[in-house]
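Engineer: model this:
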Amino acid sequence: MTEQLVGRIGVESLTRFCIEAMMRVGVSAHDAKITADALVTTETWGVHTHGTKLLPGYIRRLKGGGLCVDNPPTVSSEGPAWALVDGGSSLGQVTSVFAMRKAIEKAKSAGIGYAGVFNSCHYGAAGYYSWLAANEGLIGLSMANDWPTVAAPGSRKAVTGSNPLAFAIPGGEADPIMLDISTGAVAGGKVYAAQKLGKPIPDNWIVGPDGLPTTDLSLFPDQASLQPMAGHKGYGLALLIESLSALLTGAAMTYNVGFWMKDDPSTHTNHGAAFIALDVEAMTSLPNFYGRVESLIQEIHDAPKAKGSERIFLPGEMECDKRRIALQDGIDLPEDVRMVLKEMADLLGLKYEELG
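Structural biologist: Residues are numbered from 1 along each chain as shown. Just a heads-up that it's a prediction; the model follows:
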């Protein structure tokens, strides 16, 4: 790897690179920009498992036809405070931004808005979509289902997807309070990263085919499953997400969801997702709400600290701090991300070295 490949990469430069990669396989400039913004924003937060390293997998499905470049998402049915969105097997980020915008639109009219999605695909970081709502002064929630990779307590095989859940609370002048979690003990992307880099994992990440904890990375995902976050609590949350994003929307459920990373790239995956927005101004004044948010943040910051602790973070503060640095100084991409982007660039005839 050359010296150019190990330095920080500018946000604009990485965004242009992602847009060009997608346009080379037929994605429109409009859709490529939406997807690139989602992926690169996630990188600026330091969430490298759900950023640009996903792009080669999307490119594979775009080239195979499992992701469509000419079938934009549409509203299939709707009411005053809800809508069902047919993703048309477009890029998951494109469909999800469309759906969250629809939920925001409904919320600004009715106070609360729900947009459920079917015929979608993997959508990256759940937190990006709830963040979009917070940027407009709304409380946002985002969730999606996936092909099963997470065991239930007592099971010997995966029962649910890692089914992510995210929320974002607008803070006015303060950073939004944001949380984005997998309902697995860890995101599957962390296990794949450990595989790629040859690094060991703790024994509370996955279970083997006997349902017992293991550190054998070669078993995942074909013979091993992620452990559920907090045992039965994570399992229960995963089922709630499955219900709101698939059971209600008509999307595929559990093993009927396509495995977007490994299945035939010509097939559609029919992922489901759900987006909820609450209009703060429909219930109280924004200045009053922001004042209460700032008071809550200050109370937590001022709480007594454990020995050796210098700061108590609210969810999202670390990510916002990292984003400010990334916007100014560039993104420090991990080695595994650089490796997959370089491989993709070589296949598409792009010059990855120019990202330095």
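
Engineer: Name the nearest residue to residue 214, sequence neighbours excluded.
Structural biologist: residue 208 (3.9 Å; CB to CB, 6 or more residues apart in numbering). Where C-beta positions appear, they are placed from N, C-alpha and C, glycine not excepted.

Engineer: Name the residue most distant from the centre of the protein?
Structural biologist: If you look at how far each residue of the chain sits from its centre, by CA atoms, centre = their mean, the farthest one is residue 307, at 33.8 Å.

Engineer: where's the residue nearest to residue 214 relative to residue 159, distance?
Structural biologist: Residue 208 sits 15 Å away from residue 159, going by CB to CB, to the nearest Å.

Engineer: higher neighbour count, these two?
Structural biologist: With neighbours defined as other CB atoms under 10 Å, residue 208 and residue 159 compare such that residue 159 has more, 20 against 17.

Engineer: I'd like the distance from the more buried one to residue 238, if you could.
Structural biologist: 8 Å.

Engineer: Hmm, residue 145 and residue 255 touching each other?
Structural biologist: No - between residue 255 and residue 145 there is no contact under CB atoms under 8 Å: 11.2 Å.

Engineer: Those two - which one has more neighbours?
Structural biologist: Set residue 255 next to residue 145 and count neighbours by other CB under 10 Å: residue 145 wins out with 30 against 13.

Engineer: what about the protein, any weak spots by pLDDT?
Structural biologist: Scanning the chain for pLDDT under 70 picks out 1-6, 356.

Engineer: in it, which spans are helices?
Structural biologist: 11-23, 29-44, 55-64, 92-110, 126-135, 188-197, 232-242, 286-301, 317-329, 335-348 (DSSP state H).

Engineer: Need the winner for burial among those.
Structural biologist: With neighbours defined as mean count of other CB atoms under 10 Å, the helices of the chain peak in mean count at helix 126-135, which reaches a mean of 26.

Engineer: give me every residue that touches residue 81.
Structural biologist: Neighbouring residues of residue 81 by CB atoms under 8 Å, 6 or more residues apart in numbering: 106, 107, 109, 110, 111, 112, 113, 114.

Engineer: Was I right to think the third one contacts residue 80?
Structural biologist: Going back to what we said before, that points to residue 109. Yes - at 7.0 Å, residue 109 counts as touching residue 80 under the criterion of CB under 8 Å.

Engineer: contacting residues around stretch 325-345?
Structural biologist: Identification of contacts with stretch 325-345 by CB under 8 Å, 6+ apart yields 1, 5-11, 14, 17, 21, 40, 43-44, 46, 48, 51-53, 55-56, 59, 193, 196-197, 350-352.

Engineer: who touches stretch 229-246?
Structural biologist: Residues outside stretch 229-246 that contact it (CB under 8 Å, 6+ apart): 116-118, 143-145, 150, 152-153, 159-165, 181-185, 228, 251-254, 257, 272-274.

Engineer: Mind giving me the PyMOL command for buried ones among those?
Structural biologist: Filtering the contacts of stretch 229-246 down to the buried ones (16 or more other CB atoms under 10 Å) takes a single PyMOL command:
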select buried, resi 116+117+118+143+144+145+150+152+159+160+161+162+163+164+165+181+182+183+184+185+228+251+252+253+257+272+273+274
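
Engineer: Now, the contacts of stretch 229-246 that are in strands?
Structural biologist: Secondary structure assignment by DSSP state E places 116-118, 143-144, 150, 159-160, 165, 181, 272-274 of the contacts of stretch 229-246 in strands.

Engineer: shared neighbours, residue 159 and residue 238?
Structural biologist: When CB under 8 Å, 6+ apart defines a contact, the residues bordering residue 159 and residue 238 alike are residue 150.

Engineer: Contacts only, for the residue nearest to residue 214.
Structural biologist: Listed by CB under 8 Å, 6+ apart, the contact set of residue 208 reads 214, 216, 219, 223, 224.

Engineer: how about a cut-off of 10 Å?
Structural biologist: Contacts for residue 208 (CB atoms under 10 Å, 6 or more residues apart in numbering) come out as 151, 156, 214, 215, 216, 219, 220, 223, 224, 225.

Engineer: from the residues you listed, which is closest to residue 202?
Structural biologist: residue 215 (7.2 Å; CB to CB).

Engineer: Quick check, the closest one in contact with residue 201.
Structural biologist: Yes - in this structure residue 215 lies within contact range of residue 201 using CB atoms under 10 Å: 5.5 Å.

Engineer: neighbour-wise, which of these two wins?
Structural biologist: Between residue 215 and residue 201, counted using other CB under 10 Å, the more crowded position is residue 201 (18 against 15).

Engineer: Perfect, that will be all.
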